[in-house]
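Colleague: coordinates only, sequence not included:
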């Protein structure tokens, strides 16, 4: 693991998600750019001190020396955006599979280079757009794919948060600090941090591609250096229209990612904060509420469910589905097999490139007087 | 009453709304452009046959002849859009107060003329943007006005319906027929029918004015002559940003008007289909759910509530609030008094003009390559 | 109308409910036991002063003298429980149909006498167990009747309110005063006021009869003279089991009447405070949410719906369904016809007798050491 | 681990819950009474074959022989009810701490013996009444303890499930099989399996003790050997009244454990299926919805939350809280310290004894004609 030492947020999420299914063991790490902090974090995780490293460079170099079966099987990168590219590049160049937090990189150029490298090496690369790991998101995607809701006409995807309603970055918050710092986060704030999740979710469920967009990007909190709100009109490749809005100044909102997809036969609605329900609004039948683990769901959904209906699975379980599927694919690779199709389903470096394109286009559109910017 | 005979929808709503509080009595009508149908409708309503007229012209002329105290006190216009202007004009010219269904007229020119006439005559004119009649909408407006949620930054107003997902206008549906007919409805379909409600609700609650907009207007159902979907970016006069989207092809949606208003201190959320709850999302306190009739609501809210908490009031009660307030104002005028301020609150001809401007601008923007159209 | 003058609650509800559909006109009343208050109330309602009476006796006597077509068609009794019997008796004896608020009478003996009189005279008698007037309650009943949920096994009906959590009757509240006064309310407080609604709703929807019960009846507020809470186990005539609980000290609850009915095929759930949704929990299919006016509902439901889907109908509309159906039946009687079956559906004097039996049995059981009391 | 091999349900839950926080490692097991099945299960979990045992006796004996630091630190018992006592007894007698699934034992006698042994040995014993592990359940308990809702008057706890609506035990379902078999489950079916969870939750949140109860216990599915439904009236030691009902024939219900607690100042409501919300219904303020991780919750709640607000935590996280707290206490014991108070909070052998008493009393009451059975 690269990053995720004391004081971090997403590192702990990755560790819990990886541990949940008993398929993955944390064996080594460079948990901080500060070697002492890395060492202390390693102790927290009961790691052998000789596998706690002072830098990701050291980690990759030394682990590579270890005999097969002893060395790490893959690298997890859980650092801020500006430290994704370096370790990902080095891991890939040294033959390690990679799990990387989103967005893929600091800018599109880095992202494209990583994509090339993944294609070239054939290594497995998972990007943790974790919201696609929810069983009912899988169900929604499968329903669309199977034509259950007809041809898609309209998509509304929202990601309102309120935690940056005030200038939290001035209070010493580590999470707020790097996310609002263009040197660490890249050209976008909210649109990169959460807007990309919304974009990824919309394309994942619908199977459509955004072709052009029109963005109204704002910074509401005085003195903030990056955007904290964005409203975007979307056109999709099948002619569908859409709206994407993401905000970190939507006062009182927790982490309210949600999506609606309207087809010619039905509409789908899903809320991340109540993730085990999928609302199906039929044109000519009563509203149905599909629930995780209840009734005849698609295999894509049931394969990502661990416990019986009514025992709520949450964020960590969805996140763990990314890791579990990744692990199954890595194991299959090691065994020279192909993983079952239902598990070959996690966001990849291609999703990451698409996310970086979205970030660049949405910011470009925000500054433009033209209505539509091609995606 | 003009219009609202057998087979109509909104006429019955107006009659029930007017009757609810025992302040208004239906005394005469021209219920259809077909005199025989008008006559039969009059029988349905137990009206004396000599006050059921074959045309609105006849009605206004003959009623005017009746002695004061006997003749109608005001005219309700519940016809399709293209028959608003005629009866409204004649009513005003003959000294009758008017209640008119929305949108105000067939086009902006008609609307502006009516506004001039209202200003000139000093007659009372109510436009039934009925959704502003709900007690929790009044509460939301009062909260904004009193600064409870701070300065407004973002507004999201939605009006999804699904009933025009197929070409219903070809099935003989009277309601679908005129709404999708440019000769009866005007330049807009969904944006006029329901988009204006959304625009009116947003401005009513926030007290802000839209200054420019960027619209993506679509017709999804093949062969339909007017728009059935629209996504609009909004700029408000205080710098707030917004999104308005309305659709009649959002499969499976009933009549799901809803709004969110995010300020610097809190966010508000209200759903027309669950109208007795107002969600207040505080920045630093737990989510509160204000409920009609519960606790210390603003007088603007309690003055529009009839029954104790937990006894749900709905669409007709909200609609009746428009009529009740109008009736109180008409009665006060007759008595030479001023109605209490809390009741001098119903949509007026000015709201109607604004709605017509919205319709024209949103359609203009939909056709434009420029990003922003001034409002 | 008997009762319902200034300061009353349910009288206004009756007037609005009666007025809504334009089928009933308030023509006379004895609105208070205080003749002056009755007179003033009559002015509020724009009644001719010669038809505002100082007592119900005077009203019935004088109205009876009026020629047919001029005199009132029926009597509405909206007084506290101890003044139901007198006016009902006199109305029936003088040939007037009756609408009476619930519970039917002060005690079972009175109730049985009224039942005999109704049977004897053949007059139409409606009891305003208004909650059965909701379209989705009608739907639930029709679903049970048609076997959609299979054989009923379990019923849970709840009626929690919180407004009597403190000794409100000492604050001058007229509503709390008579409800907690054994001289006006009868042997029961909460169980009579709202417990009977719960009992009526359960039997109405299920079509079953309670055969025995086991009650735990409490008075939590010190010094209160009647029960303010009750928990009751139920046995039904088909072998189903049930729970009924009602409370007026359930802090923070508004008027949360709700019911669940579990059959061998599905469970139904309905909440009075969100009355336009009926949840159908299938054994082997996704949860369905039936909504007022949406899709293929039973005629019993659609006949009691006024406006299109998504336009919420509430308490007054449900209450108005009782009046509307009563009016249709009275009119049919006047015209020598039989009203269509779908409208011959409102609570009757028999429901009232059953309610009074429930009150007496539940209080008896509350005092008993035996587990089961036959109903 | 004892039990939890291939085909089991709760074993996997225990493993995931134990793994989540990186504090506990599965090191050995006797996963099935069938040694071959145990061996295969051990492979599934990547265990060294020499620590996969053919029986719990063998496991405890052999592990005890291992040097400190190598041998297991505690035993998890995840078998059906009739195989709780044996391994628990042997583990305690051999000095191992124990985590045991609920209910504690096959009957009260066994339970009391285990309690004595725990008291005698001083070993740490956790019973997985996992629902008390939810952050918002902790919050509810803390609110009651701190007097926020005043004196408790009424408790309603429900546990409806529908999965045994048909004779599932005849279809080869392992889960249904032992739960409906008196030889494996004990004297109670639903009341033992889920009724005890409801009883435990009610006493945990309220801090009150049930003193007497009146039960109506049923078996609805023909040929079933144990109860599948129960409705129970409760009296608590402070004078509060309550209702507990649990069912496995509530058609269409998933796992709908929920509770309401009404005090003199406010009511609390919590649903297991939407576990991150706690509804607080104030007597004189708007309804509040407390949410996991939002605002100023009690430390008892925040100490059991892993991720930021709006990232839903579910069943496994709550279950993991039991394991995490247990692990912290075991580790503190090993280190000769006392764990912080906030973590010394998990169900113990005493809760287990109370649960067994509940089971026996509720079944006794179900057969009795007396109204109240002392608890």
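Modeller: Happy to help now that I have it. All values reported here derive from a predicted model rather than from experimental measurement.
Colleague: switch to C-alpha atoms for all contacts and neighbour counts from now on
Modeller: Fine.
Colleague: could you pull out the strands for chain A?
Modeller: Per DSSP state E, chain A carries strands over the ranges A:74-77, A:97-100, A:125-127, A:152-160, A:210-218, A:229-236, A:241-247, A:258-263, A:266-271, A:277-282, A:287-291, A:373-374.
Colleague: quick one: which of those strands is nearest residue C:335?
Modeller: Of all the strands of chain A, strand A:287-291 sits nearest to residue C:335, with 42.4 Å by C-alpha to C-alpha.
Colleague: tally of neighbours for residue A:93?
Modeller: By other C-alpha atoms under 10 Å in any protein chain shown, 14 other residues sit near residue A:93.
Colleague: Likewise for residue A:167?
Modeller: Residue A:167 is flanked by 17 other residues according to other C-alpha under 10 Å.
Colleague: What's the local residue count around the nearest residue to it once chain neighbours are set aside?
Modeller: Leaving aside its sequence neighbours, residue A:167 sits nearest to residue A:221 (C-alpha to C-alpha, 6 or more residues apart in numbering or on different chains; 6.5 Å). Neighbourhood size, residue A:221 [other C-alpha under 10 Å]: 19.
Colleague: same thing with residue A:296?
Modeller: Look at residue A:296: counted by other C-alpha under 10 Å, it has 12 neighbours.
Colleague: residue nearest the centroid of chain A?
Modeller: In chain A, the centroid-proximal residue (C-alpha atoms, centre = their mean) is residue A:129; its distance is 1.5 Å.
Colleague: what sits against that one?
Modeller: Counting by C-alpha atoms under 8 Å, 6 or more residues apart in numbering or on different chains, residue A:129 touches A:101, A:102, A:197, A:200, A:347.
Colleague: Mind pulling up the pLDDT for it?
Modeller: pLDDT for residue A:129: 96.
Colleague: phi, psi of it?
Modeller: The phi/psi pair for residue A:129 (degrees, to the nearest 10) reads phi -80, psi 80.
Colleague: From start to finish, how long is stretch A:337-345 in a straight line?
Modeller: 16 Å (C-alpha to C-alpha, to the nearest Å).
Colleague: what's next to that stretch, contact-wise?
Modeller: Under C-alpha under 8 Å, 6+ apart, the answer for stretch A:337-345 is A:299, A:300, A:303, A:322, A:325, A:326, A:328, A:329, A:332, A:333.
Colleague: The residue nearest to the last one when sequence neighbours are not counted - how many residues pack around it?
Modeller: Using C-alpha to C-alpha, 6+ apart and skipping the chain neighbours, the partner closest in space to residue A:333 is residue A:339 (7.9 Å). In terms of burial, residue A:339 registers 18 neighbours under the definition other C-alpha under 10 Å.
Colleague: try residue A:120
Modeller: Residues near residue A:120, counting by other C-alpha under 10 Å, number 10.
Colleague: What's the separation between it and chain B?
Modeller: Between residue A:120 and chain B the distance is 41 Å, computed by C-alpha to the nearest C-alpha, to the nearest Å.
Colleague: For the closest residue to chain D within the stretch 101-250 of chain A, which residues are in contact?
Modeller: Going by C-alpha to the nearest C-alpha, chain D is nearest to residue A:161 of the stretch 101-250 of chain A, at 9.0 Å. Contact analysis of residue A:161 by C-alpha under 8 Å, 6+ apart lists A:246, A:247, A:248, A:249, A:250, A:251, A:252, A:253, A:254, A:255, A:256.
Colleague: Nearest to chain B: which residue in the stretch 51-200 of chain A?
Modeller: residue A:165 (6.8 Å).
Colleague: The residue nearest to residue A:333 and residue A:321, how far apart?
Modeller: Distance from residue A:339 to residue A:321, counting by C-alpha to C-alpha: 14 Å.
Colleague: For stretch A:45-60, which residues meet the burial criterion?
Modeller: Residues A:45, A:47, A:51, A:52, A:53, A:54, A:55, A:56, A:57, A:59, A:60 are the ones in stretch A:45-60 that count as buried (16 or more other C-alpha atoms under 10 Å in any protein chain shown).
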